[in-house]
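Asker: need the 3D shape of this:
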Amino acid sequence: MAISPKTPPASAPTYSEGSIRVLKGLEPVKQRPGMYTRTDNPLHIVQEVLDNAADEALAGHGKKIKVTLHADGSVSVEDDGRGIPFGLHPEEKAPVIELVFTRLHAGGKFDKGSGGAYSFSGGLHGVGVSVTNALSTRLEASSWRDGTAARLVFADGDVVEPLVTRKVGTPAQDADGEPVRDRKSGTTVRVWPDPKYFESPALPMAELTHLLRSKAVLMPGVAVTLAVEKTKDAQTWLYKGGLRDYLSQTLHDEPVIPLFEGEGFADRQHESFAEGEGASWCVAFTESGHPVRESYVNLIPTSAGGTHESGLRDGLFNAVKSFIDLHSLLPKGVKLMPEDVFARASYVLSAKVLDPQFQGQIKERLNSRDAVRLVSSFVRPALELWLHQHVDYGKKLAELAIKAAQTRQRAGQKVEKRKGSGVAVLPGKLTDCESRDIAHNEVFLVEGDSAGGSAKMGRDKESQAILPLRGKVLNTWEVDRDRLFANTEIHDISVAIGVDPHGPDDTPDLSGLRYGKVCILSDADVDGSHIQVLLLTLFFRHFPKLIDAGHVFVARPPLYRVDAPARGKKPASKVYALDDGELAAILDKLRKDGVRENAWSISRFKGLGEMNAEQLWETTLNPDTRRLLPVRLGDLGFVDTESLITKLMGKGEAAARRELMEIHGDAVEIDV
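Answerer: Modelled structure (predicted):
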């Protein structure tokens, strides 16, 4: 039977070669500004310019930074650094200053190590000030170096006044018609943010003031000024005492012990880290009040913390625990956890990392795995030495931590008592953790016995439990609740987590919950994804309140390991990638670092069982470096999600599944 093709109606849009649009230059930023910056207000695009000025000061080439809020709504940032180069780029045949503001991946921060313009900087993505330019109606850039002044003007990201150079001392005017004040070297960038890209065009003054003040704190001896044209106000911050001055002024409560301040940086002979990497810190412990916590990487504020903060926590905990053990201060039955030491800590932490890896374009969280070990290796010995030199203060700090541990354990015991006496016997293959505090406890539902063995050896036995699952779990979408326990695996999962199966409208007793996090851990392949889906089906259908309360997570083990050779100041390292996209990004980064093609080696993990205990801990179990996805209801809501899962998991839904595959099949990349 011949089937004639349907003729599309005249008005229907055709999908052909001409339908594919390639975004060039700064177009991607204008199309999707939220991917590159914060869009609630223009502060972050101004911060990109400020970070460049701070990087010059950090590299030792500047002593003054001035931010001016002009009456016309524009903002200018002025520094006395080396000035942006304005000669022609050898390959691009365009002025370097023009490339910096018009190309997404252009800058002096990719060239790390010997001969680079910046050894330490906050720049990583290379999007920087080009994003500022893309989201501004006008941007004027002026640079002074080698006795010459250069000026260039952009509108909506495009050059409208090409580069003009003049000898220093020749008369010139700025955008307000005022005579330009020449200087020996430096850069001034004036920006008019485009209001259409931001929810509010106004800069948040409290946030801006805090940002400028913190830059001054982190760069003792550098003067940072904020001037407001409308009110003719000007304020300058210049800290000689650095972090200690700042924290003592910001603290609301009296510390239990004197402020603990220190710093540590790797020298040329250091085995693991490049010369200059390290951290400076100031820590205060208080009995009450809200802790003050601020951290920075290469002067970039990391508001969401990250691995450098984990290193500080690790160093503080191990030093205090070592002191307590040495002096036999821990009462019988009390177990000390990192949070007991860290809960009452206020701190300012400034880390220097040669090649920082951030989460998100606005760099709010540091992801570099090595930073945990970097910061901890300097903090721990420094605090241990200080505590042994000041034993009385050490005992006060120990008392504070022990009191926190006792409070935490008492809270855990209250939950324990409500369980009653009819507790089911725990499954034999469950390797339980020692702690009973569900705020810290985690259970990993691990695919396969061999991976379970690695997980048992690599886990933190204090707070991590392992329950290995044999083979594929039953599809429970259409299984009656009273028949669930006929399946051994599901019976074991329910007993191990301490919660009975229930429905969406039930009010289950969660007081018996034994773990704060229930983590699904399967291979990073198709079979592993199938097991994930089956377990998520089980939790959504029969344990929905665990998802509602935020107790269910999916662990993401890496698919690849790249062994990278030493490059510049960076020693040889192992880097893990979750998928092909991350692998491509890692290899691209190695090429930019000057590593010869194929000088690296790539290993693909066929499954969790191929990882040894140390690799599994480092990539998937360690809370400081793992990727753990929380399981939540998406935009669809409960009813629509239920309907979609019925299509995917229902026994009589083969036709609906086929239709879904026909519609969305092209969007799937299958690794056969």
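Asker: so which bits of stretch 631-643 are buried?
Answerer: Across stretch 631-643, burial judged by 16 or more other Cβ atoms under 10 Å covers Val631. In short, each C-beta sits where N, CA and C put it, glycine included.
Asker: and that stretch, end to end?
Answerer: From its first residue to its last, stretch 631-643 covers 18 Å (Cα to Cα, to the nearest Å).
Asker: give me the mean pLDDT for stretch 48-63.
Answerer: Taken as a whole, stretch 48-63 has a mean pLDDT of 87.
Asker: same question but for stretch 94-109, I mixed them up
Answerer: In this model, stretch 94-109 has a mean pLDDT of 78.
Asker: from Ala53, how far off is Gly73?
Answerer: 21 Å (Cβ to Cβ, to the nearest Å).
Asker: again with Ala486
Answerer: In terms of Cβ to Cβ, Ala486 sits 68 Å off from Ala53.
Asker: more crowded one of the two?
Answerer: Neighbours were tallied for Ala486 and for Ala53 using other Cβ atoms under 10 Å; the higher tally belongs to Ala53 (26 against 11).
Asker: quick one: name whatever helix or strand follows the helix or strand hosting that one.
Answerer: Ala53 is part of helix 43-58, with elements assigned from DSSP states H and E. Downstream of helix 43-58, the first helix or strand assigned by DSSP H and E is strand 64-69.
Asker: output that next one in CSV with nothing but the alpha carbons.
Answerer: Listed in CSV are the C-alpha atoms of strand 64-69, where the atom choice follows Å, rounded to 0.1, in the frame of the first residue of the first chain:
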residue,chain,number,x,y,z
LYS,A,64,45.2,51.8,44.1
ILE,A,65,41.7,50.9,42.8
LYS,A,66,39.0,53.4,42.5
VAL,A,67,35.3,52.7,41.7
THR,A,68,33.2,55.7,40.7
LEU,A,69,29.3,55.7,40.5
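Asker: what sits up against the helix or strand just after it?
Answerer: Next along the chain after strand 64-69, taking DSSP H and E as the criterion, comes strand 75-79. For strand 75-79, contacts defined as Cβ atoms under 8 Å, 6 or more residues apart in numbering pick out 42, 46, 49-50, 52-53, 56-57, 62, 64-70, 186-191, 193, 203.
Asker: can I get the CA coordinates of strand 75-79 in PDB?
Answerer: What follows is strand 75-79, C-alpha atoms only, in PDB (Å, rounded to 0.1, in the frame of the first residue of the first chain):
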ATOM      1  CA  VAL A  75      30.300  53.000  36.700                       C
ATOM      2  CA  SER A  76      34.000  53.400  36.200                       C
ATOM      3  CA  VAL A  77      36.900  51.300  37.600                       C
ATOM      4  CA  GLU A  78      40.300  52.800  37.600                       C
ATOM      5  CA  ASP A  79      43.600  51.100  38.600                       C
END
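Asker: given that strand, what are its sheet partners and their directions?
Answerer: Partners of strand 75-79 in the sheet, by DSSP bridges, are strand 64-69 (antiparallel), strand 186-193 (antiparallel).
Asker: tell me what the helix or strand that contains Ala411 is packed against?
Answerer: When elements are assigned from DSSP H and E, Ala411 belongs to helix 391-417. For helix 391-417, the packing partners by 3 or more Cβ pairs under 8 Å, 6 or more residues apart in numbering; DSSP states H and E come out as helix 307-326, helix 338-342, helix 370-389.
Asker: that one to helix 370-389, inter-axis angle?
Answerer: Going by axes from the mean of the first three to the mean of the last three Cα atoms, to 10 degrees, helix 391-417 is angled at 120 degrees with respect to helix 370-389.
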